[in-house]
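return a 3D structure for these sequence lines:
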Amino acid sequence: VQLQASGGGLVQAGGSLRLSCAASGSIVSILGMGWYRQDPGKERELVARISSDGSTNYVDSVKGRFTISRDNAKNTVYLLMNSLKPEDTSVYYCNAFLLDRSTSSWRHYWGQGTQVTVSS
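Residues are numbered from 1 along each chain as shown. Just a heads-up that it's a prediction; the model follows:
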């Protein structure tokens, strides 16, 4: 199983970016999917997550600006980030809690991380 993230980059404050993360491999089912971010020397923090029924949670600092969504047919999760601020600068990681056919076990998988830089 692999999670491939894309969509990061450099944007000016107030701009927008959309991150994508596609899961592939021996996947039976995916429950929660989410996006986290991590700054150097800090713990990884949850940004947003979406369950299999579409319910969502956001960290307070991004509420009203970020929107998480998923396409279950494509095993893909998205993060639309609007009104970006310099403090949103970080490495963003996608996560999926899924059932792997090859191991018959549920576990978390992580994407490789994508850099988002917001200039002031």
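
can you pull the contacts of Gly9?
17, 115-117 (CB atoms under 8 Å, 6 or more residues apart in numbering). Bear in mind the C-beta positions are built from the backbone N, C-alpha and C, glycine included.

helix, strand or coil for Gly14?
coil (DSSP: H, G, I helix; E, B strand; the rest coil).

so it makes contact with Pro86?
No: the criterion here is CB atoms under 8 Å, and Gly14 misses it with Pro86 at 10.4 Å.

hang on, the earlier thing: the contacts of Gly9 in strands, which ones?
17, 115-117 (DSSP state E).

and those, which two are the farthest apart?
Spatially, the most separated pair among the ones in strands among the contacts of Gly9 is Leu17 and Gln115, at 10.7 Å (CB to CB).

confirm that Arg70 sits in a strand.
Yes: under three-state DSSP, Arg70 sits within a strand.

residues in contact with the closest residue to it other than its chain neighbours?
In space, and not counting its chain neighbours, Arg70 is closest to Val77: 4.6 Å by CB to CB, 6 or more residues apart in numbering. When the contact criterion is CB under 8 Å, 6+ apart, the partners of Val77 are 20-21, 33-35, 50, 68-70, 94, 96.

let me have the ones in strands among the contacts of Gly9 in JSON lines, adding distance to Val28, neighbour count and pLDDT as columns.
What follows is those, written out as JSON lines (distance: CB to CB, whole Å; neighbours: other CB atoms under 10 Å; pLDDT from 0 to 100):
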{"residue": "Leu17", "distance to Val28": "31", "neighbour count": "21", "pLDDT": "98"}
{"residue": "Gln115", "distance to Val28": "32", "neighbour count": "11", "pLDDT": "97"}
{"residue": "Val116", "distance to Val28": "31", "neighbour count": "20", "pLDDT": "98"}
{"residue": "Thr117", "distance to Val28": "36", "neighbour count": "15", "pLDDT": "98"}
